[in-house]
Structure formats: C-alpha cells, structure tokens
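Undergrad: Model the structure of this input:
(chains A, B and C)
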Amino acid sequence: MIAPIDVLPLISQMSHDISRLNLSNPLFIGIHTGGVWIAEKIHQQLLPEGIDTHGSLGALDISFYRDDFMEVGINPEVGGSHLPHSIDDRNIVLIDDVLYSGRTIRAAMNEIFAYGRPATIKLAVLIDRGGKQLPIQADVIGCQLTLDNNQYAKLKNTDSGLQIDIVQSEEDQ
Amino acid sequence: MLPPDSQIQFDSEGRLKHFLTINGLPRETLINILDMAESFINFGQREIKKVPLLRGKTLVNLFFEPSTRTRTTFEIAGKRLSADVINLSAARMSTSKGETILDTVRTLEAMHTDLFVVRDSASGAPHLIASHLPSHVKVINAGDGRHAHPTQAMLDMFTIRQVKGQFENLKVAIIGDILHSRVARSQIHALKILNVAEIRIIGPRTLIPTEIESMGVTTTGDMRAGLEDIDVVMMLRIQRERMDGQLIPSEQEYFNRYGLTEEKLSYAKNDAIVLHPGPINRGLEISSSVADGSRSLILNQVTNGIAVRMSIMATLMGGNESKK
Amino acid sequence: MKLALQNGWVVDPANDIDGRHDIFIDNGRITAMGTPPKDFVADREIDVNGLHVMPGIIDLSARLREPGEEYIATIASETVAAASGGITRMVYPPDTYPVIDTPAMARMIQDRADSIGSTKVHPLGALTVGLDGDKLTDMAMLMDAGCIGVSNASRPIQNTLVMRRAMQYASTYDLTVFLTPKDFWLAGNGCVHEGETSTRLGLPAIPEAAETVGVARDLALIETSGARAHFDLISCRRSLEMIDEAQQRGLPVTVGTSIHQLHLCEQDIKAFDTRYKVMPPLRTEHDREALVQGVAQGKITVICSDHQPHSVDAKLAPFSEAATGIAGLDSLLALTLRLVKSGKITLGCAISALTTNPAKVIGLDAGHLGIGAPADLCIYDPSHEWVLDEQSMVSRGRNSPFMNSTLTGKVLYTINGGKVVYNSLTNQTKP
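TA: This next block holds a predicted model:
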C-alpha cells in the first residue's frame, strides 16, 4: 500500500498550471465521475462566482463512446453528459482523475466532437500512472506514479474529502 | 403469477437477449432500461446525434405488417447508435407452402444480421423467429398480432415516470379496444411489474377479452366510475376497419360513451395525464381539445420512443461478445 | 394358420375376463380360451407370460394423409404405425383430398390398407358433397362401399336445414352420424380456447359456446330426425352434461374424446407451443378433469387418438397459422394406461374405451375376445417403460407434445385377423 496522497494541494497546483496556459473563455469538462469532482474544484479556484457568463463547466459520461461496449455492455446508471449549449470555438480543458491507457480520453474527445467544434483541447489529469496504449499526453499533471499492471488508482469522494486509493486487482488484465 | 409468454428472453448467464414481451421480466430490468433511456433523451439536440455503440452492427427492421411510425423510430434509434439499418417491409404468405417466415429470416441471418426488429400480424411470430436463430442474433418485438408491443409499453412507462416521478401510488385507466390491443397487454404487464396501485380497464364488453382479470386488472363499462381518482389515462386506438357494427354499434355511440373529452377527463384527478400510442382518431376515441391540451403527452411519447428504443437496443447488444 | 397364445393375462371387459388364460386362434377367429379345442395343433405358439392380452384397439379418428398429402404420410406408413401401437382398426374421417364422398374413394382407401395388411381402415363417408355443407352425398352407396358412418369431419355444416336433412337421410339406412359440433360463427378464425391463455397470448379464441351451441343444435336435430349419432371429439364439461341429459331421455347418442383432451389443458400451451394446437382446442383444467371423470363414469365411452400427422414445417409457423393436430397413434395405448396408473379410471374402463365401445359405435362384432370374434389382439407389456422420440415413433408425423416423455406400456405383438402384423422383436421396418 502506497502512502496516502494529499489530493487538494495537487489540485491547487493543477489550477495554477492551467492558469498559466492563458486560455481565453476556457471550458472545464470533467469526465465521470472522478474528473467531474476535480473539474468542479478547479473551476471554483479559477473562476470564482459571478464571472461565469458563458457556461464554463461541463461533465462528460463517455459510456456510449467506450470501445469495449460489445464486451462489457453499459452500466444502466450512466450519468449523462452536460455541456454548455455550444462548444464551438471554445478552449476546452478536459479533466480526468487517472490517465492510464488513454482510451477514455479518446472516447471523451470523440464525444466532445459530437457536440461541436472546439478551438483547442488541453488535457489535465490528477495522476499519470503510465501504461498508455494511445499517443495521448496530458498538458497538466498533478503527480506521476508508476504502478504495476495489476494495481489501480481510483479517486474517491469520502466524507473527509477527495482521496486516492491504490487497489490491487485480483485478476491480471 | 402468470405463466411466462417466453422462456427465451434471457441467455444462460441471465442477460437480456431478446425483447419479446414484458411479461416475466424482472422489475430491475425495466428500471435499468428506463434509466439508460434518460441518458439518451437529449441526443436529438447534439450536433452529431450519434454514438458509436452499434458501429459495424447490422439491424434489420423486418415489418410484415405496414407501419411507418414505429418503423421510423426504430430506424432513427438504430442510426443514432451507429448501426447499419436496413428496412424491409414485406408481405408474407400465411401458409406453410412457399417461403415461410423462418425461411425469410434465415436468409437475412445468413447475410450476418445482428439484430432483428420484427413486426407481424400473427401473435407469437417474433418468439418463433427468436427461437430459431443462432444465439448471437437478437430480436426485438415491434408488435405481434394482439400479443405484445413491449417497446411501446416501455416508452409509455418512461413518459409516465418523466411526469409522475414514480409508479407505486398511481392509479391507471386503460380505455378502448383491449381485445385486439397488443399495446394494452404489454402496458398491463409493465404497470404490474412496476407496482402501480391500480389498473382499470374501461370499455364495452365486446372489446374486453374474457378473463382479463387474471392479468390483475378490474374492468368497467362506465367512464365516470372508471376514471374517478385516476392519475394516468391510457387511451388505445380504435381501428376503424375492425368496427364493422358488431363490436361497437357506431362511432357516434362509441364517442358518446368512451371518447375522451374535457368533461370525461374531469372525472379523473386534476393532474391526470393522457397518453395515446397514436395515430389518434380525433372525434372517435379522443377529442381534439384533449389530444392537443396541456395534459396530453402524446408528442412526448413519440420523442421518448427513440430514447427508449435506443436503450433497449443497447441493453440487448452490449456485453455479449467475449473479450478478444 | 393356427395360433396359440400361452400364459398371457387376458383383459377383455366385454366378456368380463381379467385373468390368466391361453387363447387359441384358427382361421382368423378366436376358437377357444383356456383349454384348446379338440384336435387343435398350433402352427405357432407364442408364450406371452407376463404380458397383457387385450382386444385390438379400434381408433375412431385417424388421418392417414393419403390420398392428397402423401408428402406428409401414407396409408402404408400410418397403418404400420397403427399396428405397432396395438391398433387393429381405424376410422378414417372423410376430409381427404379429394373428399371421401364417392364409393370409388371409399373403396380405394380400403383396398390400399388391405394390400398392406397391417391395420384395417374403415372410411367415414362425407355427409355433404365436398364437405361443403350444401348437398347430401350418396350415403347408401357409400355405405355399400364400406363406409361405417358418415361425417362432415371438422367442417361444421352451417345450414341447419341441410344438417337436419342429412341426419334424416342417414337415419334411413341406420348410418351412424359422426359429429364434431362447432358453431361456425362463434369459432370464427379462433385457434385456442377463449380463456386466460388466449387473453394473455393475444390469440384469436374459440369460446366454449362454439361447442355447446353446436351440441345443442345437433341434439335437437337428432331428437327430431331419429339419427344415431356419435360425438367424436367432445372437449367441454358443459357439452358432456348436455349430451348426458339427452342420453337419459333415451337419445341414441354416444360420446368420445381424444386422448390428449384427457391429459392437456389450455395452460400447457405456455409460450406459443404449436404442438399443443388442436381442434377442438385444449380447454380448461376444469374441463379436462370433467372429461376424465366422464370416462370413469361411462358417459364418455370412446377414447381415440385423433391422429393428425404433419410435416415439420407445418408446425414451424406462428401459432394461428400452424397446422392443427397431434400425431397420436404411437402413444394412444400408453397414454390411456397413464390414466389407469393415476387411478382416475379402471383398466377395464380404459380397455373398453379403446375396444368394445368403439366397435359398438361402428356396429362391428369386434373389440372383444369372445369365441368366434375376429382374432384382433393387442399384446403389451404393462410395465415396459419407453421414450416417445424420433427413434421410437413409427408414424411419419412427429408432431406430439408428448415427445421425449417416458411412457409406460409397450405393445409387443399385434394380431390382426389371426395374423401377427406387428412383432416388436422382429418388426424394425419403417415404410
């Protein structure tokens, strides 16, 4: 078991790094479910109340874009995607908790393009754990970990706030 | 507990494989379909109204009975899931001579169809087809004879839940030609499984099948008594061609007794909603003022029909291939 | 040819015999039971120790599909199947293609069966030409050509006046009129009993009244026409009550039913299982129980197979379009014995319903083992268990809801007119 990681300082660091990208009219889109929690915090830190007029926070549920649907099916409790009315020409910051194979990000970008044509997309992740299977790199990274194939990093929202769990998988994937 | 109409809807691992009848489905299955449909409901507003779930899969709309509305909603649902959709409206011989219904289906299956959506005028035809296809091919019943129209019932349940939020306390009236109605049979099964408080069937005796009470409903020929305290009014379509003067004396007489007017609707609860599977016969089973009024959800049903059918297709097709 | 059957347990209710006796057969007839006639030297002796010896079964309704539908079955295939089921005589309803409404047709069918020599076939003449319910057939000539009764098969005669005249005319020659009462309009295009199952499955239904209205009409016509009638396929409790009441008043009517009506009811159809599609339709469990009780009480005196073989394709269709009927020759005896085993009817009652009673309906001195009677016998092992399946079925029709069920009671020998026409040890041939 790896020592608990303090999440909030990492998110503050991510906010700081994102602000240095100097994006105009940014749109923060979190990927269900962990990415949404992080996106909400970053959005709060960068765009305090009152300034948001264009709709600058969104959520994506990429269930319908997953490439393993024929094998695993869909969890019926999909959260649904909520994006501002138009995303055309917006500068999007796509936010997820853990970057692993890159397939989730691929699916998320496909879904974003189903809604319109953004100007740019930046990727921000809390943890980059290595093991990418697609040519996808994060622009903003909270921390880097090196995990074995049978270990999984998972962000949880507990009573005491956000928390990262490293779990050992029973079956090797 | 009614005997099931089909034992073949689930595979050996308990996954829903065909969608042929509501009867016998667990409550959880219905709720899951409704829940997933919620997330499909806003797809129509996206710039690209498609998701890639059924990319590369072939869906055949096999309609042995004419229908434009239902076939279109299945077609749109399939296309929004990125399936290749082929529409076949065919007449078929109702004898064992010549090409049989199974010959037709096997021919199409040999062209690697993944999902059949079947409508037929004979009760049980989709069940027959499903039981003679290889196990990876799925069948959705789009209406068979007088037996079942399960996707219609599911979109009705979706529409009810959208407005009422739940089912448990609802009193529901189903009005009209129950005898010939596959919609009514599927609605009754769905409402029972979702635990509504009460289901009443309203219509003249000639249009109510014998022993319908065995399905857990009560019957009455009186609209005032039948609609009292009702939350949901589900109208059925009267098929004019069936009304040859033997089942109902005349359209005037039928409208006089069972046509849903503002006045008759006032017998129900103040916030009662009105559903109709369409197409409606204005002035026969429903007045224009009710059909176009604020309590009518007829157009919502059409919109919801696409999301619900997408949900059913995704439920059947997902998670069925072993990981390569 | 002299034949001796030794050590068998003889069940012959017509002669009140239920015990171990040797049977001696000469010249196609039974010549003695117990002790052999003087100077009797058997050409062949069969030891039937441990087996039951009963009169050959007389099946009052079996379709053989020839002429007209030889691609389904033939007189050859089905008479051989019948013989393997212990059936020595069959009554063939007239709805063949063409219809049995001419003496030539009646003779042709009997000649075909005689040339095969397995089971005798007795045709029923059509009551109306082409079964169209319009013109009377040449009933007297049909009778001369071997028809043992007249019938309109399963096609109801709508015109009550035609029905009355047909009965009057048949009664002139003392021809038994076989009736399958059904009100044409009430039955409509129905394919199942009107009840819980038809409502649940949304299938066009046939109400009980379709039969009872038919029974009421036919009883009234029998009463005024003087015809002798046999209701061959009664399916409702209420029909039975009406006919029973008429019998009490002395009307010359008899009642039969099919073996499947005594075992099955509407609930068995479950999910559109076309093997259960029969006409009249399977009724309620309540009706089924009343029919079994009717057999036990002697109100229903005849059990038939209502054999209707079909091709596989004919049942592979939506329920309303699938062919009607069950292939029942192979399982008639075993399913009747199942009723005995369940304690619902006695063995004597069961055997009577398969032998002496149907013989009386068609006016034949058969169906019993009295001295001088035709040596038509069925010899079966009452405890032999077997499975009705593709292998064991001899009929060309494989359409049976009892497929793959285990049956008890297997025919080992069938003797027809003193000749062994079926021997389970040697007859492995299928036509």
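Undergrad: At which residues are the strands of chain B located?
TA: B:58-63, B:84-89, B:115-120, B:138-144, B:171-175, B:198-202, B:218-220, B:232-235, B:273-275 (DSSP state E).
Undergrad: touching chain A at all, the longest one?
TA: No: on the criterion C-beta under 8 Å from any C-beta of the partner chain, strand B:138-144 is out of touch with chain A, staying 12.3 Å away. C-betas here are computed from N, CA, C, even on glycine.
Undergrad: between that strand and strand B:115-120, how many degrees?
TA: Here strand B:138-144 runs at an angle of 20 degrees relative to strand B:115-120 (axes from the mean of the first three to the mean of the last three C-alpha atoms, to 10 degrees).
Undergrad: So which elements touch strand B:138-144?
TA: helix B:69-80, strand B:115-120, helix B:125-130, helix B:150-164, helix B:298-317 (3 or more C-beta pairs under 8 Å, 6 or more residues apart in numbering or on different chains; DSSP states H and E).
Undergrad: how is chain C carved up into domains?
TA: C:2-53+C:374-382+C:408-429, C:55-361 (automatic domain parsing).
Undergrad: Give me whichever of these is most buried.
TA: Of the domains of chain C, the one with the most neighbours on average (mean count of other C-beta atoms under 10 Å in any protein chain shown) is domain C:55-361, at a mean of 22.
Undergrad: How about the residues of chain A by chain B?
TA: Residues of chain A lying close to chain B (C-beta under 8 Å from any C-beta) are A:61, A:63-65, A:68-74, A:76-81, A:110-111, A:113-116.
Undergrad: change it to 6 Å
TA: A:64, A:69-74, A:76-78, A:80, A:114-116 (C-beta under 6 Å from any C-beta of the partner chain).
Undergrad: May I ask which helix or strand encompasses residue C:412?
TA: strand C:406-416 (DSSP states H and E).
Undergrad: Please pull up the helix or strand immediately following that strand.
TA: Following strand C:406-416 toward the C-terminus (DSSP H and E): strand C:419-423.
Undergrad: Can you tell me the strand partners of that next one and which way each runs?
TA: strand C:406-416 (antiparallel) (DSSP bridges).
Undergrad: Can you redo the domains of chain C as JSON lines, where the extra columns are mean pLDDT and distance to residue A:92?
TA: Converted to JSON lines, the domains of chain C look like this (pLDDT from 0 to 100; distance: least, C-beta to C-beta, whole Å):
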{"stretch": "domain C:2-53+C:374-382+C:408-429", "mean pLDDT": "94", "distance to residue A:92": "77"}
{"stretch": "domain C:55-361", "mean pLDDT": "97", "distance to residue A:92": "52"}
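Undergrad: Nearest to residue B:167, out of those domains?
TA: domain C:55-361 (21.6 Å; C-beta to C-beta).
Undergrad: Any regions of chain A where pLDDT drops low?
TA: A:1-4, A:48-54, A:76-77, A:170-173 (pLDDT under 70).
Undergrad: In it, which residue sits nearest chain B?
TA: Using C-beta to the nearest C-beta, residue A:73 is the residue of chain A that sits closest to chain B, at 2.6 Å.
Undergrad: Can you say which helix or strand has residue C:89 in it?
TA: strand C:87-92.
Undergrad: Tell me the first helix or strand C-terminal of that strand.
TA: helix C:103-116.
Undergrad: Look up the closest residue to residue A:64, ignoring the ones flanking it.
TA: If the residues on either side of it in the chain are set aside, residue A:64 comes closest to residue B:51, at 3.8 Å by C-beta to C-beta, 6 or more residues apart in numbering or on different chains.
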